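K.L.:
One predicted model, sequence on top.
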Amino acid sequence: MTHSPAYRLAAAVLHGFDEYRSRFKQITDDASRRFRDAAWREAQQASAERIDLYDEKVQDTLARLRRTLDDDELTSFECWQEARGHYADLIDQRLDYELAETFFNSMFCSLFHHRHIRNDWMFVYSSREQAAHHSGLQLCRSRRVGGDWAEGLRWALGEARFETPFVDLGRDAELGSEVLVRLLPAAIQADPEAEIELIKSVFYRNKGAYLVGRVLGGGEQVPLVLPVLHREGEGLHLDTLLIEPEEVSIIFSFTRAYFQVKVVVPSEFVHYLQELMPDKPQGELYAAIGFFKHGKTEFFRALNRQVARREDQFIIAPGVRGMVMAVFVLPSSRTVFKIIKDRFDPSKEMTAENVRDKYRLVKRHDRVGRMADTQEFSNFIARQDHFDPDCLAHLLEVAPSTVYLRGDKVIIRHCYTERMMTPLNLYLETCDAAETEAVLKDYGNAIKQMAAANIFPGDMLLKNFGVTRHGRVIFYDYDEISYLTECNFRHIPEPMYPEQELANEPWYSVGPNDIFPEEFGPFLFADVRLRKLFYQLHAELFDADYWKGLQRAILDGRVIDVYPYRNKRRFTADDGNGLTY
């Protein structure tokens with residue numbers, strides 16, 4: 001039987017998607033073995049490989065299409081329109097249909113360079129917008145507690161069926177039950193029918209394995225996260241227990257690496273997670289479990305709906321304007337848009353491609369809860385009246401090769417999007433003494449934790465960090481980022497005679513990668529009061545030996561994990577191999 005070109009196009013795209021999903025599942029399924037073997041370096045490599053996999057399979061599939069169809073067929077919108085219909089039929093009974101739609105969109109955008117974005121030819125809107133069906137598959141396991149919270153936790157941990165035994169499961173259950181008794185709402189504790197419910201799949205990331213679910217009873221529910229660590233040479237232990245919504249939300253933050261977790265029905269999996277974290281956007285939750293491309297699709301759809309409401313306009317982002325990026329925001333969507341300028345300030349010796357390389361580095365790297373995830377868009381289009389006039393004039397002035405007008409439309413050839421945060425320099429202007437100390441402590445912790453992950457931010461000025469709604473300090477300006485191991489940290493040599501110290505130029509040689517931590521204070525803080533306080537909180541950051549010690553640990557192959565919860569919440573003493581926020 002001879003099929004039409006459109007059917008062959010649809011079938012070839014679905015074949016490419018199946019190849020992607022098969023390899024994605026292989027990498028993900030092997031996470032339990034990596035956790036068992038404490039193969040932390042391998043886990044980092046697997047995370048990067050899984051991120052790279054998507055674009056690799058898109059390009060492989062595009063090459064297959066070029067062999068299968070002639071150019072006229074492949075570039076025909078009529079062919080793609082018919083193929084869209086065939087593809088919707090082919091994926092109709094699939095449990096991962098939304099991911100398949102996004103893969104089809106990626107193929108279309110790759111071929112047409114992100115132009116001609118219309119629902120006639122791709123899935124701008126889902127084919128099941130009004131017709132999603134439930135699989136009937138059991139996502140969770142549950143157990144009635146009957147007031148014995150320690151026994152409930154023994155079940156929760158023991159039935160996870162890790163391949164490595166717990167060092168002391170009874171002790172872990174007792175420690176966890178003490179937290180539950182202290183923090184659970186009274187209505188849940190008083191209900192004899194209260195139960196623990198957990199997703200069957202284990203969430204793996206870095207050195208941690210997380211059991212995720214909720215506690216229900218008395219007509220109420222609270223989220224529940226049980227972080228399990230594998231201490232090499234010993235065994236497993238429960239590191240803490242989290243039920244506060246904010247703490248659980250941070251575990252799934254847009255500033256962290258994607259989880260490796262088995263997901264059979266993505267839409268139902270994400271729906272459950274959103275019941276635990278109702279303030280978390282769907283797009284972020286899809287990304288958190290590894291489906292970052294579909295997370296981008298969900299973000300784009302939500303942004304379109306928000307723009308259509310016309311509650312506000314795009315405006316220039318508050319704070320100090322960047323030397324490399326032009327930044328604007330849509331306040332009602334809590335979204336920041338970044339555009340690479342045509343010309344950088346003289347002190348910035350780099351190219352636009354250098355900047356893109358830095359953003360790609362961050363996408364693939366472990367962000368350790370301190371670097372914002374980004375989405376990259378090409379040929380972003382909005383109506384001119386959606387922009388504040390001053391904002392649009394600024395963009396047209398500083399990035400004319402990227403931003404231009406076509407009729408009443410604004411075309412943006414390339415941009416990045418991030419979650420909106422309050423710039424740290426502006427945040428500090430409104431802080432009282434206690435808030436100032438807390439945020440400066442977290443600012444220093446952010447620098448340390450990025451360094452532990454082999455990242456040196458380069459430009460550590462306050463304006464390049466933001467504060468989230470949870471009060472966490474996050475880095476978001478990547479144009480000068482580098483691997484810590486590429487830096488040469490030095491002490492400032494003693495002057496040979498007094499006149500050298502008074503000279504305008506340094507009396508010592510300075511190489512291109514040389515960094516002198518003793519100079520950080522005046523560079524970071526014009527306000528002497530803030531400088532002194534920061535030095536009291538993080539004196540080691542001004543010492544070259546501290547940085548050299550981190551470099552040695554990284555070069556020795558030591559993986560320093562950054563735990564996504566506070567140190568005071570941990571049940572076990574710090575083993576010297578990790579940092580917390």
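P.N.:
Thanks, I have it. Keep in mind that this is a model prediction, so the values were computed, not measured. Residues are numbered from 1 along each chain as shown.
K.L.:
which phi and psi does residue 447 have?
P.N.:
Reported as degrees, to the nearest 10, the phi and psi values for residue 447 are phi -60, psi -40.
K.L.:
Quick check, it in contact with residue 457.
P.N.:
Yes. Judged on Cβ atoms under 8 Å, residue 447 makes contact with residue 457 at a distance of 6.8 Å. For glycine as for every other residue, the C-beta is placed from the backbone atoms N, C-alpha and C.
K.L.:
what's next to stretch 343-355, contact-wise?
P.N.:
The contact list for stretch 343-355, computed with Cβ atoms under 8 Å, 6 or more residues apart in numbering, reads 323-325, 340, 398, 478-479.
K.L.:
List only buried entries from these.
P.N.:
Neighbour counting with 16 or more other Cβ atoms under 10 Å marks 324-325, 340, 398, 478-479 as buried within the contacts of stretch 343-355.
K.L.:
want to throw those into a markdown table with secondary structure, pLDDT and distance to residue 516?
P.N.:
Shown next, in a markdown table, are the buried ones among the contacts of stretch 343-355 (DSSP: H, G, I helix; E, B strand; the rest coil; pLDDT from 0 to 100; distance: Cβ to Cβ, whole Å):
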| residue | secondary structure | pLDDT | distance to residue 516 |
| --- | --- | --- | --- |
| 324 | coil | 92 | 23 |
| 325 | strand | 93 | 27 |
| 340 | strand | 95 | 29 |
| 398 | helix | 96 | 32 |
| 478 | coil | 93 | 22 |
| 479 | coil | 90 | 21 |
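K.L.:
Point out where the chain drops to low pLDDT.
P.N.:
1, 129-133, 495-505, 507-508, 573-581 (pLDDT under 70).
K.L.:
Longest helix in it, please.
P.N.:
Secondary structure of the chain read by DSSP state H shows that its longest helix is helix 40-68.
K.L.:
Okay, buried residues for that helix please.
P.N.:
Here helix 40-68 shows 40, 43-44, 46-47, 50-51, 53-54, 57-58, 61-62, 65 as buried, counting by 16+ other Cβ under 10 Å.
K.L.:
Residue 200: neighbour count?
P.N.:
16 (other Cβ atoms under 10 Å).
K.L.:
Could you give the bridge partners of the closest residue to it other than its chain neighbours?
P.N.:
Leaving out its chain neighbours, the residue that sits closest to residue 200 by Cβ to Cβ, 6 or more residues apart in numbering is residue 141, at 5.5 Å. Beta bridges link residue 141 to residue 198, judged by DSSP bridges.
K.L.:
measure residue 141 to residue 31 for me?
P.N.:
19 Å (Cβ to Cβ, to the nearest Å).
K.L.:
quick one, which of the two is more surrounded?
P.N.:
residue 31 (23 against 15).
K.L.:
quick one: contacts for the more buried one?
P.N.:
Residue 31 neighbours (Cβ under 8 Å, 6+ apart): 43, 46, 204, 260-261.
K.L.:
Dump these into TSV; add distance to residue 122 as well.
P.N.:
Below are the contacts of residue 31 laid out as TSV (distance: Cβ to Cβ, whole Å):
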residue	distance to residue 122
43	35
46	31
204	33
260	29
261	28
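K.L.:
and which of the residues you listed is nearest residue 529?
P.N.:
residue 43 (42.7 Å; Cβ to Cβ).
K.L.:
State the phi and psi torsions of the closest residue to the closest one other than its chain neighbours.
P.N.:
Spatial nearest neighbour of residue 43, excluding adjacent residues (Cβ to Cβ, 6+ apart): residue 34 at 4.7 Å. Dihedral pair for residue 34: phi -60, psi -40, per degrees, to the nearest 10.
K.L.:
Test my guess that residue 34 contacts residue 206.
P.N.:
No. Between residue 34 and residue 206 there is no contact under Cβ under 8 Å: 10.3 Å.
K.L.:
Overlap of the contact sets of these two?
P.N.:
Listed contacts common to residue 34 and residue 206 are 40, 43; contacts here mean Cβ under 8 Å, 6+ apart.
K.L.:
Tell me which of those two has more neighbours.
P.N.:
The residue with more neighbours, out of residue 34 and residue 206, is residue 206; 25 against 20, by other Cβ under 10 Å.
K.L.:
all helices of the stretch 101-250 of the chain, in order?
P.N.:
For the stretch 101-250 of the chain, the helices defined by DSSP state H, counting those that start in this stretch occupy 149-158, 169-183, 186-190, 245-251.
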